[in-house]
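Chemist: just coords:
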């Protein structure tokens, strides 16, 4: 029995491949949080209160499937699971930093101050 292999996907421009992996409302936010270190599901829920558990789980699974995030399961009771960037995922750091920097400039342009619209969650430098 012969197996046919689907031809590789074609992209119009390479940024499509990037957005296929990190696009959407939540993936970049998850990844930005992971640039600050390992996180548990409860950490994400605290840092991203408007994401549903189902969406968080789905996004983390997709990032894991794409080799961007490692899921670490500790053999203990109660079970403990943490997420971290893989070395491949860490290669996104300059892109994520650029997105954050552009977002800060945009917020200042539109609202005059980062403190006006950014959460004071320890990740945002609101002194500027």
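Modeler: On my side now, so go ahead. These numbers were taken from a predicted model, which means no experiment stands behind them. Numbering: from 1, shown residues only.
Chemist: C-alpha only now, for contacts and for neighbours.
Modeler: OK.
Chemist: report the buried residues of the helix ranked longest in the chain.
Modeler: Taking DSSP state H as the criterion, the chain has its longest helix at helix 93-111. For helix 93-111, burial by neighbour count (16 or more other CA atoms under 10 Å) applies to 93, 96, 100, 104, 107-108.
Chemist: now those residues as CSV including pLDDT and distance to residue 33?
Modeler: Formatted as CSV, the buried residues of helix 93-111 follow (pLDDT from 0 to 100; distance: CA to CA, whole Å):
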residue, pLDDT, distance to residue 33
93, 95, 11
96, 94, 10
100, 89, 11
104, 88, 16
107, 89, 19
108, 88, 22
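Chemist: so which of those residues is the closest to residue 50?
Modeler: Set against residue 50, the nearest of those by CA to CA is residue 100 (19.4 Å).
Chemist: tell me who's in contact with the closest one.
Modeler: Listed by CA atoms under 8 Å, 6 or more residues apart in numbering, the contact set of residue 100 is empty.
Chemist: what's the distance between the longest helix of the chain and the middle of its chain?
Modeler: Counting by CA atoms, centre = their mean, to the nearest Å, helix 93-111 is centred 15 Å from the centre of its parent chain.
Chemist: now do stretch 24-36
Modeler: Distance, stretch centre to chain centre, for stretch 24-36: 2 Å (CA atoms, centre = their mean).
Chemist: thinking again about what came up before, got JSON lines for the buried residues of helix 93-111, with distance to residue 76 too?
Modeler: Below are these laid out as JSON lines (distance: CA to CA, whole Å):
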{"residue": "93", "distance to residue 76": "31"}
{"residue": "96", "distance to residue 76": "33"}
{"residue": "100", "distance to residue 76": "36"}
{"residue": "104", "distance to residue 76": "41"}
{"residue": "107", "distance to residue 76": "43"}
{"residue": "108", "distance to residue 76": "46"}
